[in-house]
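# A structural model of the following input is requested.
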Amino acid sequence: MTSATDWKRCEKLMKFPQVNKSAVILSLMVIVLTISPIVMVNGETYTLINERFTIGPQQPELIAENDYNLTETNEYVLGIPDIDAVGTRSDSATYYFEITSTARVEIYFLDSGNGFLNDYKVFSDNWDGSAPAAPTVYSYRLICDSYIVDSFTLAASVTPKLILFSNDTQVSGEYFWTEGLSAINYSPYYARSLGSDRPTEDSIHIFYANASIDAYVLTDSQYDVFLLNPNNEPTEFNSYASGVGTDLYLNFTAPADENLHLILWHNLLRDGVTGSIIWNFSYQRTFIENYWSMFVVILLILAFVLTLIFQTKVLPPVVWTLSKVKYYLITLPWTYFKKGVSWLWKGTVTLWKIMRRHELDELVEEGGDAEKIKEDEI
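Coordinates of the predicted model:
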């Protein structure tokens, strides 16, 4: 038969150690917060650019653009009187002219920059409308019978004016006159990727473009050279990556600590280009970057288990560590600080008393009444 002592001994052995609830809750919170970066990570691929883009036309300075209609009313001539004259000098002395026509039409460029009696003024003043005749003195001449495009160069001193002549034939159409194609005013699409501290795998996708695009990826040194002539397409560079088309991919490895510059170019003189671009990059994580939080979780679990095991026999490791930190960083310095202040206060009081006593002794020796002096001090 089991005695009461044996029952008490069994009950004591069956009892679980008392658990510190605050320590358990705190440990669980730390573990959850540490595991969360592993669970919630989005992966190693990131998006640098994801947008629609628009690139303006590769257009030089426009001199004139209009439609025309040569009839008997205007004696089949465009460009007279002076108010109908169009044209100006090109800074580059080069010109691009494009024209459509429903019949044969002659195109003349007359110089109007040689003083008061220039070629254009002479022709205009002699034109009375009764006897149609083409200019005999001109700087450049073209003939169009439906469509023509031409690029040409005039002397730097020439300021050309346009004359259209149809020789008694009704003609209509439109024309476009600008500086030479080399004198362009152009702003391509530009984006920069700052260098990373490690190599990255980059992927650029250009799609939904309404015209063919030339894409170039340049390094810092190449881009600096390109900026010297930003209106020239960077075809001369051995670019880091390049491609041509309306739906193209650029895949390359970007070096560490190297900025890269993306330039999207097109060769449409009078129209712009729109499209979409996505630039993604990825990099390989190091071993520590991948698994540091897992190691922290393991250490916290070990600390938690040791806390449950040793809390009834010795101080838990966490509590012991915190106690030591508190003792050496707070309790011990505060104790010595209070002792130092107390010692300084006592020494100051003692010194004051000694000084006062010495002063009283001197007064007594001089014949003063010490008791009276004490009463005055009180």
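# partners of the residue lying closest to I49 once chain neighbours are set aside in the sheet?
Excluding its sequence neighbours, the residue lying closest to I49 (C-beta to C-beta, 6 or more residues apart in numbering) is W279, at 4.0 Å. In this view, the C-beta of every residue, glycine as well, is placed from N, C-alpha and C. W279 forms beta bridges with I49, I204, as assigned by DSSP bridges.
# mind listing what Y138 touches?
Neighbouring residues of Y138 by C-beta atoms under 8 Å, 6 or more residues apart in numbering: 108-111, 119, 163.
# buried stuff in the lengthiest strand in the chain?
As assigned by DSSP state E, the longest strand anywhere in the chain is strand 94-111. For strand 94-111, a neighbour-count test (16 or more other C-beta atoms under 10 Å) marks 94-101, 105-111 as buried.
# circling back to that earlier point, of the contacts of Y138, the lowest pLDDT goes to which?
Ranked by pLDDT, the contacts of Y138 bottom out at D119, which scores 91.
# Would you map the helices across the stretch 151-300 of the chain?
Secondary structure of the stretch 151-300 of the chain (DSSP state H, counting those that start in this stretch): helices at 220-226, 287-310.
# Those: lowest mean pLDDT?
Among the helices of the stretch 151-300 of the chain, helix 287-310 carries the lowest mean pLDDT (a mean of 68).
# still on that earlier bit, for the buried residues of strand 94-111, work out which two are farthest apart.
Using C-beta to C-beta, the pair of the buried residues of strand 94-111 lying farthest apart is T100 and D111, separated by 25.6 Å.
# Give me the neighbour count for L162.
Around L162 there are 23 other residues, counting by other C-beta atoms under 10 Å.
# residue contacts, it?
Contact criterion C-beta under 8 Å, 6+ apart gives 64, 78-79, 85-87, 107-109, 175, 177 as the residues in contact with L162.
# ok, it to Y108 distance?
Distance check for L162 against Y108: by C-beta to C-beta, to the nearest Å, it reads 8 Å.
# One more: T335?
T335 is 107 Å from Y108, by C-beta to C-beta.
# With D224 instead?
45 Å.
# cool, and L218?
For L218, the distance to Y108 equals 45 Å [C-beta to C-beta].
# Check L344 too.
From L344 across to Y108, the span is 108 Å (C-beta to C-beta).
# Please apply the same query to F226.
F226 sits 40 Å away from Y108, going by C-beta to C-beta.
# Tell me if I'm right that V158 and D119 touch.
No. The pair V158 and D119 fails to qualify as a contact (C-beta atoms under 8 Å) at a distance of 9.2 Å.
# which residues are common contacts for those two?
Common contact partners of V158 and D119 (C-beta under 8 Å, 6+ apart): 111, 139.
# Could you report the separation of S196 from V225?
S196 is 24 Å from V225, by C-beta to C-beta.
# Tell me which of these two has more neighbours.
Higher neighbour count among S196 and V225: S196, with 15 against 12, using other C-beta under 10 Å.
# what separates stretch 234-246 from the chain centre, distance-wise?
22 Å (C-alpha atoms, centre = their mean, to the nearest Å).
# And it, what's buried?
Using 16+ other C-beta under 10 Å as the test for burial, stretch 234-246 gives 234, 237, 239-243.
# Ok, stretch 166-185 next?
By neighbour count on 16+ other C-beta under 10 Å, the buried set for stretch 166-185 is 166, 171, 173, 175-181, 183-184.
# can you redo the residues you listed as JSON lines with distance to T54 and pLDDT?
Compiled in JSON lines, these are given as follows (distance: C-beta to C-beta, whole Å; pLDDT from 0 to 100):
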{"residue": "S166", "distance to T54": "40", "pLDDT": "92"}
{"residue": "V171", "distance to T54": "37", "pLDDT": "96"}
{"residue": "G173", "distance to T54": "30", "pLDDT": "96"}
{"residue": "Y175", "distance to T54": "27", "pLDDT": "96"}
{"residue": "F176", "distance to T54": "22", "pLDDT": "94"}
{"residue": "W177", "distance to T54": "26", "pLDDT": "94"}
{"residue": "T178", "distance to T54": "21", "pLDDT": "91"}
{"residue": "E179", "distance to T54": "23", "pLDDT": "89"}
{"residue": "G180", "distance to T54": "26", "pLDDT": "85"}
{"residue": "L181", "distance to T54": "22", "pLDDT": "81"}
{"residue": "A183", "distance to T54": "23", "pLDDT": "76"}
{"residue": "I184", "distance to T54": "17", "pLDDT": "78"}
